[in-house]
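>>> When you get a sec, could you give me coordinates for this:
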Amino acid sequence: MIKDYFKKDYEPGLWSVEIITLIYMLFTTVLTIIYWNGIEDPMSMIITRVFMLAAMSAVYGIYYFHPCRALRIVRVIPTLLGLIFWYPETYDYCSQLPYLDHVFAGIDQALFGCQPALEFNQVVTSTFWSEAFNMGYYAYYYMMGATIIFYLLCRYSQADKAGFIFLASFFLYYVIYEFLPVAGPQYYFKAVGTEAAVTGVFPDVGYYFKTHTEMLMPEIKGIFSQLVLGAQEVGERPTAAFPSSHVGMSTVTMLLALKSGNKWLFWVMFPVYLLLCCATVYIQAHYLIDSICGFICAVAFFFLTGWAYDKIHKA
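Now for the predicted structure:
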């Protein structure tokens with residue numbers, strides 16, 4: 001019942017998503033200090049953490065004085081919105097290191113005999129499939145949001161663990177990105193030229209992406225390709241290509257949907273999930289090896305974080 005969410009109901013302690021967010025903020029604060037002189041605006045990153053801490057404290061304070069389930073759920077919001085800020089920062093960290101795109105483009109070439117990120121959208125050229133793939137890619141955020149909301153409203157007793165699995169998996173991807181700089185085909189092929197990539201020549205660009213963020217411009221065929229391009233222009237950076245978090249976190253989301261026991265939630269999202277996975281290569285955001293490893297990591301992260309949650313709460 002909805003009214004039950006507004007009854008006085010104090011649950012002591014923090015959500016697991018609040019704890020893991022604080023740990024990640026501390027870790028990246030240390031990383032910011034280490035890279036201080038190489039980051040363009042490190043002070044703004046510190047200020048972001050201060051504001052995040054203030055927001056988390058504020059919503060916790062409101063809940064403390066007016067405890068109810070609805071306000072406890074509200075406490076999750078800052079931790080999820082924080083992902084908007086933490087993702088671009090992976091570029092600030094990884095760009096301190098030489099990029100490894102030549103290695104991953106070479107792996108694709110060795111495994112598949114071509115560059116799937118260049119070939120896929122040349123083979124599948126119809127507007128229908130272009131829009132379908134871009135729709136899937138854009139639906140990424142809505143799939144995750146729908147699953148988290150479902151747990152909070154319909155599986156409240158499982159929401160703490162689901163939230164931990166979700167956010168801890170995200171942070172595991174981000175930590176990889178911070179130490180494994182791979183920009184992805186849309187940036188790398190723009191830098192070296194698609195002609196070189198087609199012929200199997202993959203120059204080592206070193207620190208090139210520390211000062212260059214230009215990417216290949218896709219052909220706009222409809223509303224969803226325009227939406228994806230708009231989102232990339234606002235938030236995309238030469239970072240986070242390997243392993244693909246789009247494939248990875250959508251896989252974690254699907255596993256959470258399956259674990260929820262609600263067949264409708266899983267099967268409604270499943271076709272969109274398949275389109276999303278294909279889209280990562282189709283729109284040239286990832287090498288195919290990125291997407292394959294994104295899936296493998298997702299399964300590993302799902303069970304690892306679930307195991308860690310159980311261990312912590314049994315201790």
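
>>> Against residue 87, how distant is residue 269?
To residue 87, residue 269 is 22 Å away according to C-beta to C-beta, to the nearest Å. C-beta here means a position set from N, CA and C on the backbone, and glycine is covered the same way.

>>> how far is the helix or strand containing residue 164 from where the chain is centred?
Secondary structure assigned from DSSP states H and E places residue 164 in helix 156-179. For helix 156-179, the gap between its own C-alpha mean and the chain's C-alpha mean amounts to 10 Å (C-alpha atoms, centre = their mean, to the nearest Å).

>>> After it, which helix or strand is next?
Counting by DSSP H and E, what follows helix 156-179 is helix 185-192.

>>> what does stretch 67-76 contact?
With contact meaning C-beta atoms under 8 Å, 6 or more residues apart in numbering, stretch 67-76 is reached by 4-11, 15, 17-18, 56, 59-60, 62-63, 148, 152-153, 156, 163.

>>> sec struct for residue 40, please.
When classified by DSSP: H, G, I helix; E, B strand; the rest coil, residue 40 comes out as coil.

>>> What is the burial count for it?
By the criterion of other C-beta atoms under 10 Å, residue 40 has 9 neighbours.

>>> That one contacts residue 92, correct?
Yes: with contact taken as C-beta atoms under 8 Å, residue 40 and residue 92 are classed as touching, separated by 7.2 Å.

>>> any chance you could map the strands in the protein?
Ranges of strands in the chain, per DSSP state E: none exist.

>>> Give me the below-cutoff pLDDT ranges for it.
1, 315 (pLDDT under 70).

>>> which residue is nearest the centroid of it?
In the chain, the centroid-proximal residue (C-alpha atoms, centre = their mean) is residue 245; its distance is 4.6 Å.

>>> residues contacting the nearest residue to that one once chain neighbours are set aside?
The shortest distance from residue 245 to any non-neighbouring residue, by C-beta to C-beta, 6 or more residues apart in numbering, is to residue 173 (4.4 Å). Contacts here follow C-beta under 8 Å, 6+ apart; on that basis residue 173 touches 240, 243, 245, 248-249, 297, 301.

>>> try residue 101
Residues counted as contacts of residue 101 (C-beta under 8 Å, 6+ apart) are 182-184, 187-188, 202, 205, 241.

>>> quick one on the thing from earlier: give me the buried positions along the helix holding residue 164.
159-178 (16 or more other C-beta atoms under 10 Å).

>>> Please name the spatially closest residue to residue 139 (chain neighbours excluded).
residue 272 (4.9 Å).

>>> Can you report how many residues lie near that neighbour?
By the criterion of other C-beta under 10 Å, residue 272 has 20 neighbours.

>>> Quickly note the distance from it to residue 134.
As for residue 272, its distance to residue 134 is 12 Å (criterion: C-beta to C-beta).

>>> What of residue 238?
21 Å.

>>> In this protein, spot the helix with the most residues.
Using DSSP state H to define each element, the chain has its longest helix at helix 288-314.

>>> got the angle for it vs helix 185-192?
Relative orientation of helix 288-314 versus helix 185-192 (axes from the mean of the first three to the mean of the last three C-alpha atoms, to 10 degrees): 140 degrees.

>>> Tell me which residues of helix 288-314 come out buried.
Buried-residue list, helix 288-314, by 16+ other C-beta under 10 Å: 288-295, 297-298, 301-302, 305-306, 309.

>>> Out of those, which is nearest to residue 102?
residue 289 (13.1 Å; C-beta to C-beta).

>>> Can you tell me, leaving aside adjacent residues, what's nearest to that closest one?
Once flanking residues are discounted, residue 289 sits nearest to residue 107: 5.0 Å by C-beta to C-beta, 6+ apart.
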